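Enquirer: sequence and predicted model, in that order:
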Amino acid sequence: MMARETGILADRAIAALFKSGRLTSERELDLDQIQPASLDLRLGTKAFRVRASFMPGPTHLVSDKLDRLKLHVIDLSEGAVLETGCVYIVPLMERLDLPAGMSASANPKSSTGRLDIFTRVITDYAQEFDKIPAGYSGPLYLEISPRTFPIVVRRGSRLSQIRFRVGNALLGEPELLQLHNDQILVAASRPNVSGGGIALSIDLTGDEEGLIGYRGKHHTAVVDVDKKAQHDIFDFWEPLYSRGRTELILDPDEFYILVSREAVHVPPLYAAEMTPFDPLVGEFRVHYAGFFDPGFGHEAAGGRGSRAVLEVRSHEVPFILEDGQIVGRLVYEHMQEKPEGLYGTGVGSNYQAQGLKLSKHFRT
C-alpha cells in the first residue's frame, strides 16, 4: 500500500529520521522508544529548577532564559527527586533537524498524565508549548512540574512523547462520521461529532462494586517513574464509590482518575488525540496525556472495549460532574502508512483493553 503524502509518521518513518540525521540523540535509542505513531523523549543529565515557567519567544534561546531564571542545577545521572509545586527545565537527549514540510507536536505519556505530572516540550524561539514548527532545527527541553506526588527521575527517564506530521491530515466532520459508521470509533448509540472531534462522556455509574475513580492523596512518598508495580494503591490514592448517586463534586486543587463511558477505537491507519476541553463548558481540565496510538481499542490487537482513562482537575471553583456529561473530544488524523507495530501488540502497551486503571507504577 502506498504511503499518503500527508499524515502522521509511523514507526518505520520515525526510525528513518534517525538514519538520515534528521533526529539525533546522545545515545542509542531504547528498544521500545519508537511507538506506532510517536517517539518517546528521554531526559538528559541535568534539571534546572527555575523560578517560574516561561516561553522563550521569537528572539530567544531557551538557554538564555535558563541563565537568568535558574535557581539551582540538579544532577540526574544517578536519579533525583523532583518536588511538587516546583518547576524544572530538563534538556532532552533528542535533537531535531526537521525538513521544511515536517512539523511535530508533543504530549505527556499516558503514565505521566496519570501521575499528575505536568510536562510541556519547549524549543528555542518557541511561541507555543508542545508545538514544533516545520523545519525546526535545534535542541528540545522539557518543562516538568509534579502536581500531586513527588517523583524520582533520572537520565533516560521518558515522560513525554513526540509525533511528526507532514501537512494537514485532520479528518473533517463528514469524514469522521463516515469512519465512525464504517469502523465504530466510540461505542455510543448516537455519536456527538462537532468541533472537528467526536465526544467522550464520563462514566460515574461505577463497576460491580460501585468504584468510579480515584482521588490523589497529599503528602505521600515519592513515585519512581521508571519502576512498574512498585507502590501500594492505597498509599497514594483514595478510591471513590458511587453510593447510588451518579454525580461527583470536583474539589479545586484535587486530582482525579476517572474513566470514559464509551470504549474508544483507533483503527490502524489513523491516530487520535484528546483535545483540551473547552472551559466555556465547565470549570475543569481533562486528560493531560492526549495521544491515542493506531490500534488502541482495535479488536485484532486485543483491545476491544478499551476505554479512555481521564485525568481530571477542577479549576477555581467546586464543580459537579454528572454521569454521561461530555468531558472531551477525540480528533483523528490520517497516518502516512500503517505502522509495523500496533498499540497492544508487543510495543510496551500498558493500557490496552483497559477500564478504569491507574498508572503502571501501582500494584493491582
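Expert: Now that the structure is in, tell me what you want to look at.

Enquirer: next, give phi and psi for the closest residue to A272 other than its chain neighbours.
Expert: When the adjacent residues along the chain are set aside, A272 lies closest to F292, with 4.0 Å between them (Cβ to Cβ, 6 or more residues apart in numbering). Heads up, the C-betas are built off the backbone N, CA and C, glycines and all. Summarising the backbone geometry of F292 under the convention degrees, to the nearest 10, its torsions are phi -120, psi 120.

Enquirer: okay, F292: pLDDT?
Expert: At F292, the predicted lDDT confidence score is 91.

Enquirer: tell me how many other residues surround it.
Expert: The local packing of F292 (other Cβ atoms under 10 Å) involves 25 other residues.

Enquirer: and it, how far is that from A271?
Expert: Relative to A271, F292 is positioned 7 Å away (criterion: Cβ to Cβ, to the nearest Å).

Enquirer: what's the answer for E208, then?
Expert: E208 sits 33 Å away from A271 when distances are taken as Cβ to Cβ.

Enquirer: what about the two, which has more around it?
Expert: The residue with the greater number of neighbours, taking E208 and A271 and applying other Cβ under 10 Å, is A271; the counts read 30 against 5.

Enquirer: so D97 sits against S20, correct?
Expert: No: under the criterion of Cβ atoms under 8 Å, D97 lies out of contact with S20, with a separation of 9.1 Å.

Enquirer: out of the two, which sits in the busier spot?
Expert: Neighbours per residue (other Cβ under 10 Å) separate D97 from S20, with D97 holding more: 14 against 10.

Enquirer: what residues of stretch 355-364 count as buried?
Expert: When neighbours are counted by 16 or more other Cβ atoms under 10 Å, the buried residues of stretch 355-364 are found to be L356, K357, L358, S359, K360, H361, F362.

Enquirer: strands of the stretch 251-364 of the chain, start to end?
Expert: Counting by DSSP state E, counting those that start in this stretch, the segments of the stretch 251-364 of the chain that form strands are 255-263, 270-275, 284-286, 291-292, 307-314, 319-322, 326-334, 362-363.

Enquirer: dump those to JSON lines, plus distance to E78.
Expert: Supplementary listing: the strands of the stretch 251-364 of the chain in JSON lines, determined by distance: least, Cβ to Cβ, whole Å:
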{"stretch": "strand 255-263", "distance to E78": "29"}
{"stretch": "strand 270-275", "distance to E78": "35"}
{"stretch": "strand 284-286", "distance to E78": "34"}
{"stretch": "strand 291-292", "distance to E78": "30"}
{"stretch": "strand 307-314", "distance to E78": "30"}
{"stretch": "strand 319-322", "distance to E78": "42"}
{"stretch": "strand 326-334", "distance to E78": "39"}
{"stretch": "strand 362-363", "distance to E78": "24"}
